[in-house]
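# pasting a predicted model and its sequence here:
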Amino acid sequence: MLIDHLSQQLQQRRALGLERVRRIAEGPCAPQLPVSLPGTGADADAAQPMLAFCSNDYLGLAAHPAVVEALAEGARRWGAGSGASHLVSGHSRAHEQLEQALAEWLAPLWPEGARVLGFGTGYLANLALVTALGEARATLFTDRLNHASLIDGAQLARAEVRRYPHNRVDRLEAMLADSSTPLKLIVTDAVFSMDGDLAPLERLLALAERHDAWLVVDDAHGLGVLGEAGRGSLAHFGLRGRRLILMGTLGKAFGVAGAFVMADPVIVEWLLQTARPGIYTTAAPPALAEATRASLEILRGPEGDARRAALQARILQLREGLAALLAAHPDCGWSLPASATAIQPLLIGDNHRAAALAERLRQAGLWVPAIRPPTVPEGTARLRITLSAAHRPEEVARLLAVLGQALQDPAGGPR
Ligand SMILES: *Cc1c(COP(=O)(O)O)cnc(C)c1O
């Protein structure tokens with residue numbers, strides 16, 4: 001019986017400590033927010049105030065007054081829903097203007113010209129890209145640590161899929177040299193979501209050029225954050241060219257929702273005509289496009305520069321603070337891998353120790369997720385700390401202080 005079967009499976013997950021719960025935010029996305037647990041009957045009054053280091057709102061734009069106002073104004077002008085998919089009647093002038101604004105902003109990356117196509121979410125955009133391009137004659141070369149949406153897309157595509165060990169350009173090169181498929185797609189996250197490290201995009205693009213392949217870059221965590229005018233990881237490395245296919249998301253640094261693909265106009269037209277995750281779904285509300293355009297205006301200009309500088313300062317503060325803590329406790333077993341992005345993994349190793357540390361932080365009013373296998377490799381359980389331009393220096397200092405206490409107190413601490 002289905003219900004019995006599922007209950008048993010759920011019970012098993014619980015026993016393995018794999019059950020997930022959704023905490024309920026009682027306010028807008030911000031470093032400080034009231035949070036409650038489901039099923040406690042709690043309302044905003046009973047919620048616990050938390051200092052969060054877990055959102056992807058890297059520039060603090062999710063609740064920016066100008067973006068919120070554009071959303072409200074957009075709703076007054078366009079109503080709430082789009083009413084249909086883009087190819088039927090759901091494609092509004094608001095969507096069109098957003099695609100054009102994004103294309104104009106990122107134009108320097110494609111000297112030969114490129115076009116933008118919007119999607120409802122990054123998950124859908126990746127499914128669309130990989131399935132529409134990964135036809136039977138294609139081979140997808142994908143990094144082992146790529147985002148779930150790229151892995152799912154590869155499974156859905158009928159293409160051959162070859163996975164290379166994380167960032168191992170040498171292994172990828174051997175695979176490319178060995179392949180005779182007419183269409184080769186190298187697929188990679190630009191900033192890896194659990195480690196914060198960057199893909200060697202310069203070398204990957206050179207490989208693509210040498211082996212007549214295309215480079216698909218998922219820049220969910222770099223767009224808006226890295227590069228001149230926030231143009232992302234490709235701009236950070238000074239890359240440009242026709243062989244680039246970019247997927248950018250609009251729910252992270254942009255603080256809104258949605259995603260887009262930018263590439264050669266012929267590729268984009270192919271996606272528009274054939275990509276099912278773009279066709280068989282209702283277009284996002286036009287008001288979201290208006291809010292995203294407002295966000296882009298902020299992000300690409302001087303205020304964006306100031307926010308990127310603030311974020312870099314917090315990253316430096318956290319890394320220097322953690323380095324000092326680790327130096328003072330050389331036997332603690334924690335480590336801080338290199339990451340120059342807003343994603344800062346503090347490696348703990350053991351699953352239970354990582355969970356206990358996250359729980360200790362939670363009791364101190366700090367919200368930092370513990371990430372365990374299978375999301376990350378066995379033996380690399382970690383705290384995934386994400387920073388935002390909206391964090392104040394005192395808030396980062398508070399996180400460091402609580403981590404320092406955990407290191408000093410063996411009961412709640414490391415070994
Ligand atoms: C978040 C994320 C996505 C999915 O984007 P959504 O807009 O949240 O669906 C895709 N790729 C990577 C690397 C991500 O981190």
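Yes, it's here. All figures in this text were calculated on a predicted structure; none of them were measured in a lab. Residues are numbered from 1 along each chain as shown.

# make it CA atoms for all contacts and neighbour counts henceforth
Will do.

# and the stretch 1-150 of the chain, which of its residues are near the ligand?
T121, G122, Y123, H147, S149 (C-alpha under 6 Å from any ligand atom).

# okay, now the unreliable bits of the stretch 1-150 of the chain?
41-45 (pLDDT under 70).

# that one: helices as residue ranges?
2-15, 65-78, 93-106, 122-133, 148-156 (DSSP state H, counting those that start in this stretch).

# what do you get for the stretch 301-415 of the chain?
302-328, 351-363, 393-408.

# just the buried residues of the second one, please?
Using 16 or more other C-alpha atoms under 10 Å as the burial criterion, the residues of helix 351-363 that qualify are N351, R353, A354, A355, L357, A358, E359, R360, L361, R362.

# again, but for the last one
Along helix 393-408, the positions that meet the burial threshold by neighbour count (16+ other C-alpha under 10 Å) are E395, V396, L399, L400, V402, L403, G404, A406, L407, Q408.

# just the local confidence number for the second one, please.
In this case it means V396. V396 is assigned a predicted lDDT (pLDDT) of 98.

# how near is it to the ligand?
23 Å (C-alpha to the nearest ligand atom, to the nearest Å).

# circling back: farthest pair in the residues of the stretch 1-150 of the chain next to the ligand?
T121 and H147 (13.6 Å; C-alpha to C-alpha).

# which neighbours do the two share?
Listed as contacting both T121 and H147 by C-alpha atoms under 8 Å, 6 or more residues apart in numbering is no residue at all.

# output the residue of the stretch 301-415 of the chain whose distance to the ligand is smallest.
I343 (10.6 Å; C-alpha to the nearest ligand atom).

# beta partners for that residue?
Beta bridges link I343 to T386, judged by DSSP bridges.

# and for it, the neighbour number?
26 (other C-alpha atoms under 10 Å).

# how close does it sit to A220?
12 Å (C-alpha to C-alpha, to the nearest Å).

# and if you look at A309?
19 Å.

# break the protein down into its domains, please.
65-300, 303-408 (automatic domain parsing).

# out of those, which one sits most buried?
When those are scored by mean count of other C-alpha atoms under 10 Å, the highest mean neighbour count falls to domain 65-300 (a mean of 20).

# between the two ends of it, how far is it?
Terminal-residue distance, domain 65-300 (C-alpha to C-alpha): 17 Å.

# do the same with stretch 213-226
Termini of stretch 213-226 sit 25 Å apart (C-alpha to C-alpha).

# contacts for that stretch?
By C-alpha under 8 Å, 6+ apart, stretch 213-226 touches 56, 58-59, 122, 183-193, 204-205, 207-208, 230-233, 235-236, 243-249, 252-254, 299-300, 308.

# pLDDT (mean, whole number) over it?
Rounded mean pLDDT across stretch 213-226 is 98.

# helix or strand: which one has W214?
Assigned by DSSP states H and E, W214 belongs to strand 213-218.

# return stretch 243-250 as CSV; C-alpha atoms alone will do.
Extracted in CSV, the C-alpha atoms of stretch 243-250 (Å, rounded to 0.1, in the frame of the first residue of the first chain):
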residue,chain,number,x,y,z
ARG,A,243,31.3,29.6,-27.9
LEU,A,244,29.9,30.8,-24.6
ILE,A,245,26.4,29.8,-23.5
LEU,A,246,25.5,31.5,-20.2
MET,A,247,22.7,30.6,-17.8
GLY,A,248,22.1,33.3,-15.2
THR,A,249,19.6,33.3,-12.3
LEU,A,250,17.6,36.2,-11.1
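
# that stretch vs the ligand: in contact?
Yes: for stretch 243-250, a contact with the ligand is found by C-alpha under 6 Å from any ligand atom, at T249.

# who's in contact with that stretch?
Stretch 243-250 has contacts (C-alpha under 8 Å, 6+ apart) with 121-122, 125-126, 205, 208-209, 213-220, 223, 256-264, 292.

# and with 6 Å instead?
Around stretch 243-250, the neighbours that count as contacts under C-alpha atoms under 6 Å, 6 or more residues apart in numbering are 122, 214-220, 256-263.

# for the stretch 151-300 of the chain, just list every one of the strands.
Using DSSP state E, counting those that start in this stretch, the strands of the stretch 151-300 of the chain run over 160-164, 183-189, 213-218, 244-249, 259-263.

# need those in CSV (columns: distance to H95).
CSV is the format used below for the strands of the stretch 151-300 of the chain (distance: least, C-alpha to C-alpha, whole Å):
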stretch, distance to H95
strand 160-164, 33
strand 183-189, 26
strand 213-218, 21
strand 244-249, 15
strand 259-263, 11
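
# looking at the ones you listed, which is nearest to C29?
strand 244-249 (17.2 Å).

# sheet partners, orientation included, of that closest one?
strand 213-218 (parallel), strand 259-263 (antiparallel).

# got those as a markdown table, with distance to the ligand columns?
Formatted as a markdown table, these follow (distance: least, C-alpha to the nearest ligand atom, whole Å):
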| stretch | distance to the ligand |
| --- | --- |
| strand 213-218 | 6 |
| strand 259-263 | 6 |
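
# out of these, nearest to A157?
strand 213-218 (14.8 Å).

# between that closest one and helix 148-156, how big is the angle?
If you take axes from the mean of the first three to the mean of the last three C-alpha atoms, to 10 degrees, strand 213-218 sits at 140 degrees to helix 148-156.

# and the angle for strand 213-218 with helix 122-133?
Going by the same axes, to 10 degrees, strand 213-218 makes 170 degrees with helix 122-133.

# so what's D409 scoring on pLDDT?
For D409, the model assigns a pLDDT of 82.

# same check, this time on the one 5 residues further on
Model confidence at P414, expressed as pLDDT, equals 47.
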